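Trainee: predicted model and sequence follow; I will ask about them next.
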Amino acid sequence: MGKDVIIACDFPSKEATLEFLDKFTGKKPYVKIGMELFYSEGLDIVREIKARGHKIFLDLKLHDIPNTVEKAMAALSRLDVDMCNVHAAGTKAMMEAAVRGLTREDGTRPLLIAVTQLTSTSQERMQEDLLINEDLDKVVIKYAQNAMESGLDGVVCSPLEAGKIHENCSPEFLTITPGVRFADAAKDDQVRVTTPEGAKELGSDYIVVGRPITKAEDPVAAYERCCKEFIG
């Protein structure tokens with residue numbers, strides 16, 4: 001599967017989102033709709049962006065008991081999104097339920113990926129806040145293996161972990177990586193980060209980029225720079 005740049009449209013409203021996307025004349029970038037936008041605007045914003053011809057990663061990070069996640073995924077399967085996700089920490093049973101719920105009667109479904117550890121999480125925070133005392137890389141790889149064994153298509157991880165996941169899972173097992181910043185940009189609240197070029201070298205299949213594009217003086221130029229550095 002080819003590499004792509006996904007723009008994180010973390011805007012508070014439909015108006016702000018569509019105003020941003022209107023800048024991309026003649027382009028249809030892959031778009032991530034996260035919790036902020038989805039909870040503000042609901043299903044209609046998903047339908048409208050999809051009607052404009054964009055691929056959509058619906059980033060809601062479901063994490064609940066298996067039955068609840070299965071039913072929620074069944075509802076999301078009726079949206080024409082291209083990718084959605086769960087938290088790998090919900091266990092294999094939950095992830096298997098997510099696959100069942102997301103799969104339509106004709107056997108098709110969007111890509112389903114699992115969040116391993118958030119890119120804002122450091123080794124220290126994981127140990128002190130979550131009482132997980134294993135090495136961070138080991139935890140991420142284990143979560144990725146659980147996701148693959150549960151029938152998912154890939155994981156959300158730091159670019160720093162993409163190559164290790166491909167080695168320990170499969171080269172075809174997708175790595176979707178936030179925590180990407182230009183070399184001359186601030187890290188903001190991310191901890192485990194790299195550049196678009198660095199993510200390419202580390203083996204990321206998709207990169208998710210928000211503020212370096214959405215807050216740029218020229219978002220289209222920033223997006224094109226990101227694509228050039230990551231895709232070539």
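Mentor: Looks like it came in fine.

Trainee: ok, now how distant is the closest residue in space to Pro219 that isn't next to it in sequence from Gly198?
Mentor: Nearest residue to Pro219 in three dimensions, chain neighbours excluded: Ile213, at 5.3 Å (C-beta to C-beta, 6 or more residues apart in numbering). Every C-beta, even on glycine, is put in place using the N, C-alpha and C of the backbone. Separation of Ile213 from Gly198 (C-beta to C-beta, to the nearest Å) stands at 17 Å.

Trainee: tell me which of the two has more neighbours.
Mentor: Between Ile213 and Gly198, Ile213 has the larger neighbour count (other C-beta atoms under 10 Å), namely 24 against 18.

Trainee: so how far is Glu224 from the more buried one?
Mentor: For Ile213, the distance to Glu224 (C-beta to C-beta) stands at 10 Å.

Trainee: next one: Val180
Mentor: 15 Å.

Trainee: mind naming the longest strand for this protein?
Mentor: Of all the segments of type strand in the chain, defined by DSSP state E, the longest one is strand 56-62.

Trainee: contacting residues around Glu36?
Mentor: Each residue near Glu36 by C-beta atoms under 8 Å, 6 or more residues apart in numbering is listed here: Asp10, Phe11, Pro12.

Trainee: go again using 6 Å as the cut-off
Mentor: Shown in contact with Glu36 (C-beta atoms under 6 Å, 6 or more residues apart in numbering): Asp10.

Trainee: what about Ala221, how many neighbours?
Mentor: If we define neighbours as other C-beta under 10 Å, then Ala221 has 11 of them.

Trainee: tell me the pLDDT of it.
Mentor: Looking at Ala221, its pLDDT reads 97.

Trainee: and it, which of the three is it?
Mentor: Assigned state for Ala221: helix (three-state reduction, DSSP: H, G, I helix; E, B strand; the rest coil).

Trainee: packing partners for the lengthiest helix in the chain?
Mentor: Using DSSP state H to define each element, the chain has its longest helix at helix 136-149. Using 3 or more C-beta pairs under 6 Å, 6 or more residues apart in numbering; DSSP states H and E, the elements in contact with helix 136-149 are helix 159-168.

Trainee: how far is the helix or strand just after the helix it packs on from where the chain is centred?
Mentor: Per DSSP states H and E, the first helix or strand lying C-terminal to helix 159-168 is strand 174-177. The chain centroid and the centroid of strand 174-177 are separated by 7 Å, computed with C-alpha atoms, centre = their mean, to the nearest Å.
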